[in-house]
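J.: Build me a structure from this.
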Amino acid sequence: MLLDPLQSRALFSHALGRHYAVLAVNADSPAAVADVLDAALGVGAPAIIETSLWQLEGRAYGAGDAVLGLGRYLADLAVLANGARYAGVPVVFHTDHIKGPKTEAVLSAALRGVEVALSVGGGLLRASTVSVDASGLSDGENVALVCRLAEIAAAAGAPATIEMEAEVDAGQTPPERSRRLLGSVEARHPGVVWLWAPALGTRHGLGDGYPEFRVERVAQNAALAREVTGRDVGLALHGSSGLAAESLAAAARSGVVKVNWSSESLLLRSGAARDFYAARAAELEPGHPQWKASAMDNGVQSFVAARYVPRVAERMRLLGGEGQGPAFLETLRRGAAA
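T.: Take a look at the predicted model:
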């Protein structure tokens with residue numbers, strides 16, 4: 001079930017209240033998306049599918065046109081997530097690492113919605129949640145962009161569920177800076193920031209264990225966000241690849257509700273694809289009886305999935321998400337019936 005922005009807020013609150021985190025996989029192909037949903041289905045966990053500018057402009061989606069890619073990504077995900085197979089999996093679609101001169105155009109489309117024309121009729125597809133990539137922005141520019149997106153969503157009559165960042169690769173965000181950033185947005189647009197991503201000692205890329213990471217700082221930042229906003233705002237953890245399993249699990253119990261996962265995920269998928277082609281090099285020669293089966297996309301993607309899906313499921317369990325998907329959907333149903 002593809003969640004809308006308000007349902008996504010409810011999921012983050014559910015995760016915070018039950019002390020688990022939702023795995024957010026930066027998925028760069030339709031096959032990767034399907035693999036994440038299969039893993040979530042298998043363990044009964046919610047999932048966040050997130051995409052960055054390079055995926056939206058990549059050959060799998062927009063082929064150079066990020067807004068086209070956004071529509072194509074959303075359409076593909078909506079067909080899967082709202083279909084019978086994955087109807088019991090709560091799925092958030094999140095934009096991540098959208099920066100540069102195309103930022104406002106792409107995020108505006110994500111908030112307002114992308115018109116998708118079909119052979120009969122059409123529809124409007126929106127992102128569940130969006131984030132503002134703060135790298136390269138001053139604090140003033142960061143606040144201004146979050147506020148601008150809130151205004152764009154309000155003008156379109158669309159709810160905005162926004163992840164706000166500090167510079168997540170910059171050691172530890174000082175409390176006074178967190179107060180200034182969150183407080184500035186809250187004063188102008190209360191209730192739009194539902195995820196807060198301070199620097200917690202991790203970095204993007206394949207890490208070294210992150211000796212600067214401290215679980216107690218997660219709880220401190222969650223308490224600070226609650227103090228500033230007056231509501232429970234979960235934390236988003238960037239740079240989880242390389243962080244020790246016990247630290248990830250403890251972070252999920254302490255206020256992190258969204259754990260981004262990209263570098264290790266890409267390494268797993270690319271390594272499996274490399275091994276597939278290395279093992280089947282002879283089969284890719286003309287005249288070999290298995291040539292077509294080995295050359296078709298389904299061959300390599302099935303091989304990758306067999307390795308990748310169990311690792312995704314393992315990470316979802318580590319974050320405490322097992323069984324939380326049906327529990328959350330039951331909470332939504334009770335709320336709708338009330």
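J.: And the helices in the stretch 101-250 of the chain?
T.: Secondary structure of the stretch 101-250 of the chain by DSSP state H, counting those that start in this stretch: the helices cover 103-112, 139-155, 175-188, 215-229, 245-254.
J.: Comparing those, which comes out most buried?
T.: helix 103-112 (a mean of 20; mean count of other CB atoms under 10 Å). (Glycine included, C-beta is placed from N, CA and C.)
J.: Columns distance to residue 296 and mean pLDDT on top of the helices of the stretch 101-250 of the chain, output as a markdown table?
T.: Compiled in a markdown table, the helices of the stretch 101-250 of the chain are given as follows (distance: least, CB to CB, whole Å; pLDDT from 0 to 100):
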| stretch | distance to residue 296 | mean pLDDT |
| --- | --- | --- |
| helix 103-112 | 33 | 96 |
| helix 139-155 | 42 | 97 |
| helix 175-188 | 49 | 97 |
| helix 215-229 | 45 | 96 |
| helix 245-254 | 36 | 96 |
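J.: Now render the ones you listed as CSV, adding distance to residue 267.
T.: Listed next are the helices of the stretch 101-250 of the chain as CSV, based on distance: least, CB to CB, whole Å:
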stretch, distance to residue 267
helix 103-112, 26
helix 139-155, 30
helix 175-188, 32
helix 215-229, 25
helix 245-254, 17
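J.: Quick one: closest of these to residue 207.
T.: helix 245-254 (10.7 Å; CB to CB).
J.: what packs against that closest one?
T.: helix 215-229, strand 234-237, strand 256-261, helix 297-318 (3 or more CB pairs under 8 Å, 6 or more residues apart in numbering; DSSP states H and E).
J.: got the angle for the longest one vs helix 245-254?
T.: Orientation check (axes from the mean of the first three to the mean of the last three CA atoms, to 10 degrees): helix 297-318 against helix 245-254 gives 70 degrees.
J.: pLDDT on helix 297-318, on average?
T.: Mean per-residue pLDDT for helix 297-318: 97.
J.: gap between residue 303 and residue 294?
T.: Distance of residue 303 to residue 294, given as CB to CB, to the nearest Å: 10 Å.
J.: Likewise for residue 26?
T.: 28 Å.
J.: re earlier: the helices and strands packed on helix 245-254 into JSON lines, with extra columns for distance to residue 268?
T.: Below are the helices and strands packed on helix 245-254 laid out as JSON lines (distance: least, CB to CB, whole Å):
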{"stretch": "helix 215-229", "distance to residue 268": "26"}
{"stretch": "strand 234-237", "distance to residue 268": "19"}
{"stretch": "strand 256-261", "distance to residue 268": "10"}
{"stretch": "helix 297-318", "distance to residue 268": "5"}
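J.: Ok, which of the ones you listed comes nearest residue 4?
T.: So among these, strand 256-261 is nearest, using CB to CB, at 16.8 Å.
J.: Can you pull out the residues in contact with the closest one?
T.: 12, 15-16, 20-26, 48, 50, 94, 96, 163, 195, 218, 234-241, 248, 251-252, 315, 319 (CB atoms under 8 Å, 6 or more residues apart in numbering).
J.: Neighbouring strands - and their directions - for it?
T.: strand 22-26 (parallel), strand 234-237 (parallel) (DSSP bridges).
J.: Using a markdown table, lay out these together with mean pLDDT.
T.: A markdown table is the format used below for these (pLDDT from 0 to 100):
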| stretch | mean pLDDT |
| --- | --- |
| strand 22-26 | 97 |
| strand 234-237 | 96 |
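J.: So which of those is nearest residue 102?
T.: strand 22-26 (17.8 Å).
J.: Need the contact partners of the closest one.
T.: Residues contacting strand 22-26 (CB under 8 Å, 6+ apart): 11-12, 15, 32, 36, 45-52, 55, 92, 94, 96-97, 236, 257-262, 265-266, 312, 315-316, 319, 321.
J.: List buried residues within these.
T.: Neighbour-count burial (16 or more other CB atoms under 10 Å) is assigned, among the contacts of strand 22-26, to 11-12, 15, 32, 36, 45-52, 55, 92, 94, 96-97, 236, 257-262, 265-266, 312, 315-316, 319, 321.
J.: For residue 55, see how far away the residue nearest to residue 189 when sequence neighbours are not counted is.
T.: Sequence neighbours aside, residue 150 is the residue nearest to residue 189 in space, at 3.9 Å (criterion: CB to CB, 6 or more residues apart in numbering). Going from residue 150 to residue 55 by CB to CB gives 25 Å.
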